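Chemist: Below is the sequence, then the predicted model.
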Amino acid sequence: MREHIEASAELSLRPWAAADVAAVTEAFAEPLMRRQLPWPVDSPEEARRWLADRAERRATGTDFSFAVVDRRDTVLGGVAVGSIDLRHAVGWVSYWTTAPARGRGVATLGCRALADWAFTDLGLFRLELGHRVGNTASCRVAGAAGFAVEGLQRQKLRYDGVRYDVETHARLVCDPVPAGGTTG
Ligand SMILES: CC(C)(COP(=O)(O)OP(=O)(O)OC[C@H]1O[C@@H](n2cnc3c(N)ncnc32)[C@H](O)[C@@H]1OP(=O)(O)O)[C@@H](O)C(=O)NCCC(=O)NCCS
């Protein structure tokens with residue numbers, strides 16, 4: 001199983017490392033990211049806890065998180081496949097990018113590379129993801145990474161007391177491989 005994955009000439013995926021504390025603390029301080037997290041990661045201590053949690057999950061073999069980095073090893077975002085059900089060969093995909101890295105294809109290329117790895121190295125058959133309706137950027141990433149729209153989960157999420165519908169997407173191992181797009 002590959003630990004390092006080439007996403008493009010400029011981008012690669014690698015497991016999170018202890019040295020990523022500062023990058024994680026900074027990335028998760030951003031308001032858009034706060035709601036993506038299971039608990040507030042707003043200090044170096046919490047970032048260390050988040051990184052330790054990633055490592056523990058990876059060791060279970062059912063949850064793999066990667067940093068998306070450039071050639072200088074600057075963290076530009078994260079992609080993950082978790083909730084892996086080996087019986088059915090299904091996993092749940094997620095992605096985020098740092099505010100300065102957005103809009104240049106980092107999430108799209110990272111998600112494509114992750115999907116290829118999950119199909120090839122993990123042997124998964126189906127990858128699922130979901131985004132809040134109205135998260136247009138996330139929807140564009142899903143489409144560009146080959147995840148077809150499958151449905152709508154009504155009022156699945158609650159942020160600050162407001163409930164949101166979630167659009168679901170999925171990509172099967174036998175679906176067409178997406179091509180082209182941005183260079184990252
Ligand atoms: C969603 C997110 C991951 C996108 O990352 P990114 O690296 O900017 O994505 P990409 O550059 O690969 O592609 C973004 C696409 O969304 C579009 N986009 C970006 N911001 C947008 C906005 N505010 N409104 C509409 N479209 C937008 C871009 O034009 C691009 O589409 P295109 O390639 O068809 O032109 C990033 O904005 C993010 O981390 N948001 C906060 C966390 C989050 O929402 N994660 C997803 C949870 S489901």
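Modeler: Noted; the coordinates are in hand.
Chemist: How is the residue nearest to Val133 when sequence neighbours are not counted assigned, secondary-structure-wise?
Modeler: Nearest non-adjacent residue to Val133, counting by Cβ to Cβ, 6 or more residues apart in numbering: Asp165, 4.5 Å away. To be clear about C-beta, it is placed using only N, CA and C from the backbone, and glycine gets the same treatment. Going by DSSP: H, G, I helix; E, B strand; the rest coil, the secondary structure assigned to Asp165 is strand.
Chemist: what about the helix or strand of the chain with the lowest mean pLDDT and the ligand, any contact?
Modeler: Of all regular secondary-structure elements in the chain, judged by mean pLDDT, DSSP states H and E, the least confident is helix 31-34 with a mean of 88. Yes: for helix 31-34 and the ligand, the contact criterion (Cβ under 6 Å from any ligand atom) is met by Leu32, Met33.
Chemist: Next: stretch 96-111.
Modeler: Yes: among the residues of stretch 96-111, Trp96, Thr97, Arg102, Gly103, Arg104, Gly105, Val106, Ala107, Thr108 lie within reach of the ligand under Cβ under 6 Å from any ligand atom.
Chemist: Next, the residue of the chain most remote from its centre: phi, psi?
Modeler: Relative to the mean C-alpha coordinate of the chain, counting by Cα atoms, centre = their mean, the farthest residue is Gly161 (25.1 Å). In terms of degrees, to the nearest 10, the main-chain angles of Gly161 are phi 80, psi 0.
Chemist: which residues sit against the helix or strand hosting Ala52?
Modeler: Secondary-structure element containing Ala52, defined by DSSP states H and E: helix 44-60. Helix 44-60 is touched from outside by 15-18, 20-22, 24-25, 28, 37, 39-41, 63-65, 82, with contacts defined as Cβ atoms under 8 Å, 6 or more residues apart in numbering.
Chemist: Buried ones among those?
Modeler: Among these, those that count as buried by neighbour count (16 or more other Cβ atoms under 10 Å) are Trp16, Asp20, Val21, Val24, Thr25, Phe28, Val41, Asp63, Phe64, Ser65.
Chemist: can you confirm the fourth one is in a helix?
Modeler: Translated: Val24. Yes: per three-state DSSP, Val24 lies within a helix segment.
Chemist: What separation do you get for it and the ligand?
Modeler: 14 Å (Cβ to the nearest ligand atom, to the nearest Å).
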